[in-house]
Structures are given as C-alpha cells and as structure tokens.
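J.: sequence? don't have it. structure:
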C-alpha cells in the first residue's frame with residue numbers, strides 16, 4: 001500500500017481497533033487459480049503472535065480456500081470510513097486557488113499465510129465466537145445453541161475455517177495531515193455538516209490541529 005509518512009499509522013492498538021470496527025474484510029490471494037478475492041467477516045485474536053491472528057471461514061463450495069491450503073500468501077484489507085473532499089472546504093482556495101479534490105480514508109492491510117481446518121469442534125467454536133461478537137449488539141442475541149443439532153452439523157460440513165497469523169500489518173490514515181491547520185478545520189466542518197452519514201463518520205475521526 002502506498003503510504004506517505006504523514007499518513008502512516010503504526011500504533012498497534014489503533015490498527016487492531018480499526019480491524020475490530022470493520023465489519024467485512026476483503027481477503028485476497030494469488031495462487032494456482034489466479035487472483036482470488038472473498039468478502040468475509042473475520043475475528044481478530046490480538047494476543048496470538050506479534051500482530052495477532054485472524055480467524056474466519058469460507059463456504060466449502062468457494063474454491064478460494066484451496067489456494068490458502070496450498071500455502072498462498074493472503075492480503076486482507078479492512079476499510080474504515082472514507083469521503084470525498086471538496087476543494088471549497090479549504091480556506092486556501094480563497095487565498096490562492098491552488099487546491100484540488102481528493103479522497104480521505106482509513107485502511108488497514110494485513111498479510112499472512114493461513115492454516116485451513118475443517119474439524120467440527122473447532123469450526124463450532126469459531127462460529128460461536130463470531131456470532132456472539134456480532135449478536136452482542138442485538139436486543140435479544142441469537143446463539144448457535146438455538147439451532148437444531150442436526151441442522152448445525154450440516155451447516156458446519158458446508159464451511160472450511162482458517163487461522164491467519166498476521167506477519168505484516170500496515171495502516172493508512174489519510175486525513176489531510178499534509179494540509180494547514182486552517183484547511184484541516186475547513187474539511188472537518190464540511191464533512192461534519194454533510195448530509196452523507198459516511199462523511200460525518202470520517203469527520204468524527206479527524207483530530208483538531210493545534
């Protein structure tokens with residue numbers, strides 16, 4: 001990922017927080033089947049390895065997992081909030097006009113090689129942890145224990161799990177750090193008053209420059 005020094009994020013706690021906040025990851029790899037990409041919800045276990053370990057599962061019918069089983073390196077992309085930046089938000093536009101549009105965003109990239117597994121007990125533990133994490137926000141959380149045992153067993157046979165220890169981790173917080181304090185304030189105001197929810201979400205991540 002191209003990442004100028006001004007935008008580089010190296011704080012492991014912030015990188016992990018963004019991974020946790022990203023609902024759906026994009027897992028890519030290049031193997032015998034060529035370039036492959038799958039959109040997957042993943043679970044991060046921070047204490048496993050230097051950068052943590054990612055857990056998830058594929059549908060068994062998805063051929064992507066076979067490339068990982070054969071040792072292909074995977075790149076996992078976690079996307080945070082993003083927004084178009086209107087040049088009119090920069091006070092510098094009125095001063096000299098030397099401004100252009102851009103796009104600000106937050107992204108985390110993780111690399112590693114996965115261990116693939118289909119042991120029913122291990123799969124059940126993974127599905128339980130994933131569902132418990134996302135069901136926690138519901139008024140009446142669903143549990144895997146509510147599903148009939150024979151139905152659940154059939155569903156587990158239809159998936160393949162994986163553990164991906166993160167070997168390399170990069171973060172890019174492109175939030176206008178290369179602009180003046182006045183321009184940054186103008187962008188923050190423009191985004192925070194936008195009718196677009198994702199604009200306001202990004203505005204909340206902008207730190208005032210003193």
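T.: Right, received. Where do you want to start? Given the structure is predicted, the values throughout are model-derived calculations rather than measurements. Numbering: from 1, shown residues only.

J.: Show me the longest helix that occurs in the chain.
T.: The residue-count maximum for a helix in the chain (DSSP state H) belongs to helix 120-135.

J.: hmm, who's touching stretch 65-72?
T.: The contact list for stretch 65-72 (C-beta atoms under 8 Å, 6 or more residues apart in numbering) reads 29-33, 36, 58, 74, 113-114, 116, 160, 162. The way it works is simple: take the backbone N, C-alpha and C, and place the C-beta from them, glycine included.

J.: quick one: which of these is nearest to residue 14?
T.: Taking C-beta to C-beta as the measure, residue 14 lies nearest residue 74 of the contacts of stretch 65-72, at 22.2 Å.

J.: which residues sit against the longest helix of the chain?
T.: 41, 43, 55-57, 117, 141-144, 152-153, 156-157, 159, 161.

J.: in it, what's buried?
T.: 123-124, 126-127, 130-131 (16 or more other C-beta atoms under 10 Å).

J.: how about TSV for the contacts of stretch 65-72, with neighbour count added?
T.: Supplementary listing: these in TSV, determined by neighbours: other C-beta atoms under 10 Å:
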residue	neighbour count
29	23
30	13
31	18
32	10
33	13
36	20
58	20
74	23
113	14
114	25
116	17
160	22
162	23
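
J.: now, which of those residues sits nearest residue 206?
T.: Of these, the one sitting nearest to residue 206 (C-beta to C-beta) turns out to be residue 74, at 31.4 Å.

J.: What separation do you get for residue 189 and residue 30?
T.: Distance, residue 189 to residue 30, by C-beta to C-beta, to the nearest Å: 43 Å.
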